[in-house]
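A.B. asks: Got a sequence here, can you model it:
(one chain, ligands or ions: 2)
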Amino acid sequence: MNKLISSLDGSPVHALDAPGRPLIDLLRSKETEFLMEAHDGLSAAIAARAGFKGLWASGLSISSALGYRDANEASWTQVVDVVEHMVDASHVPILVDGDSGFGNFNNARLLAKKLEERGASGVAIEDKGFPKMNSFVGDRHPLAEIEEFCGRLKAVKDTTGPNFALVARIEALIAGHGLDEALTRAHAYAKAGADAILIHSRKAVADEILAFAKEWDNKLPVVIVPTKYYNTPVSAYRKAGISTVIWANHTMRAAIAGMRDICARIQADESIAGIEGEVAGLDELFSLIGYDELARAEDHYLPRQTA
Ligand code: SPV
Ligand code: MG
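C.D. replies: Numbering: from 1, shown residues only. Ligands and ions are numbered 1, 2, ... in the order given. A predicted model of the protein is given here:
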């Protein structure tokens, strides 16, 4: 909605309205770029305001915010609806976590088409089945057959426009396979039309990711998610020529910590006096959601008030 009304006087409402650089350009740029996780309109606005050039619509975080487990309990239409709110509230490119595509090639292409229609800039599809389970939970992560998964990738590519990025996510290392399996899959997914490869790992160190990057040699841009190997400095990724780093769940986890602490304090104090200075002011909220634009639109569209 902000997007529509923002051109009212020819100038953007606020910095958040400036369109971002297309995701596909970020993926292909020589610099290492960063995508920040968000999971609803508000977190998307906050992440965009922090200066991130793009966002990651995390399946884990969107599910969690809905009170669901990251095991495809949220429907694909619920995810698409959340993403639409994120697009409207942030106006920066969004890479959507499309899980395994919610089924076969047909479900994957329908998901991608709808995401594109709602303003997302790309989708990541992982080579598992439906339902999938979050990569950090348990050891049951059966991989899809390569040929069948390539069909999912091709169908998404054939259904979406040239500026809609398709990231093929390899779960081979999560599933306990080695580098060879990951590389075999990367080659097949590149051939099937992927724009980038997301190689995922749940080790506490970045060895296997860096080994993959070395062997892969940037045949397509490489995307990583260092949630578990968080101690590795970004300089190592730059040196390895990593295209994009996803900070995958940190607005959601920050929100958990913030909400948990404030609930405990208010419960214990039976008062909100002590925490007023510790929570975001309402002015910040109104600014994030663009109430200033609504005031200008009211001046423009509502009848003038006479005394
Ligand atoms: C997500 O953020 O939902 C991801 C990344 O897919 S992970 O949780 O590491 O699987
Ligand atoms: Mg996910």
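
A.B. asks: Surely Phe34 is within a helix?
C.D. replies: No: the assignment for Phe34, made by DSSP: H, G, I helix; E, B strand; the rest coil, is strand rather than a helix.

A.B. asks: Roughly how far does the closest residue to ligand 2 within the stretch 1-150 of the chain sit from Phe102?
C.D. replies: With Cβ to the ion, the shortest gap between the stretch 1-150 of the chain and ligand 2 falls at Gly59, namely 3.3 Å. Using the backbone N, CA and C atoms, a C-beta is placed for each residue, glycine as well. Plainly put, Gly59 is 11 Å away from Phe102 if you go by Cβ to Cβ, to the nearest Å.

A.B. asks: Pull out the buried positions in the helix or strand where Ile209 lies.
C.D. replies: If you go by DSSP states H and E, Ile209 is part of helix 207-216. Going by neighbour count (16 or more other Cβ atoms under 10 Å), the buried part of helix 207-216 is Glu208, Ile209, Leu210, Ala211, Phe212, Ala213, Trp216.

A.B. asks: what do you get for stretch 291-307?
C.D. replies: Neighbour counts over stretch 291-307 (16+ other Cβ under 10 Å) mark Glu293, Arg296, Ala297 as buried.

A.B. asks: ok, back up a step: name the residue in Gly59 and Phe102 with the higher neighbour count.
C.D. replies: Gly59 (26 against 20; other Cβ atoms under 10 Å).

A.B. asks: what's near enough to touch the more buried one?
C.D. replies: Asp70, Ala74, Val79, Asp97, Gly98, Asp99, Asn134 (Cβ atoms under 8 Å, 6 or more residues apart in numbering).

A.B. asks: How about Ala257?
C.D. replies: Counting by Cβ under 8 Å, 6+ apart, Ala257 has no contacts.

A.B. asks: before we move on, which element is the residue lying closest to Trp216 once chain neighbours are set aside in?
C.D. replies: Nearest residue to Trp216, sequence neighbours excluded (Cβ to Cβ, 6 or more residues apart in numbering): Ala186, at 5.9 Å. If you go by DSSP H and E, Ala186 is part of helix 179-191.

A.B. asks: if we can go back for a sec, now, which of the contacts of Gly59 lie within strands?
C.D. replies: Asp97 (DSSP state E).

A.B. asks: what about dumping the CA coordinates of the helix or strand containing Asp25 to PDB?
C.D. replies: Asp25 belongs to helix 23-28 when assigned by DSSP H and E. C-alpha atoms of helix 23-28 as PDB (Å, rounded to 0.1, in the frame of the first residue of the first chain):
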ATOM      1  CA  LEU A  23      18.600  -9.800  -6.100                       C
ATOM      2  CA  ILE A  24      20.000 -11.400  -9.100                       C
ATOM      3  CA  ASP A  25      22.600  -8.600  -9.400                       C
ATOM      4  CA  LEU A  26      23.500  -9.000  -5.700                       C
ATOM      5  CA  LEU A  27      24.000 -12.700  -6.200                       C
ATOM      6  CA  ARG A  28      26.300 -12.100  -9.200                       C
END
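
A.B. asks: Just the residues contacting that helix, thanks.
C.D. replies: 33, 35, 53-54, 93-95, 121-122, 163-165, 167, 195-196, 221, 223, 243-244.

A.B. asks: just checking, Leu143 touches Ala175?
C.D. replies: Yes: Leu143 lies in contact with Ala175 (Cβ atoms under 8 Å); the separation is 5.2 Å.

A.B. asks: before we move on, the earlier item: elements contacting the helix holding Ala186?
C.D. replies: For helix 179-191, the packing partners by 3 or more Cβ pairs under 8 Å, 6 or more residues apart in numbering; DSSP states H and E come out as helix 146-159, strand 165-170, strand 196-199, helix 207-216.
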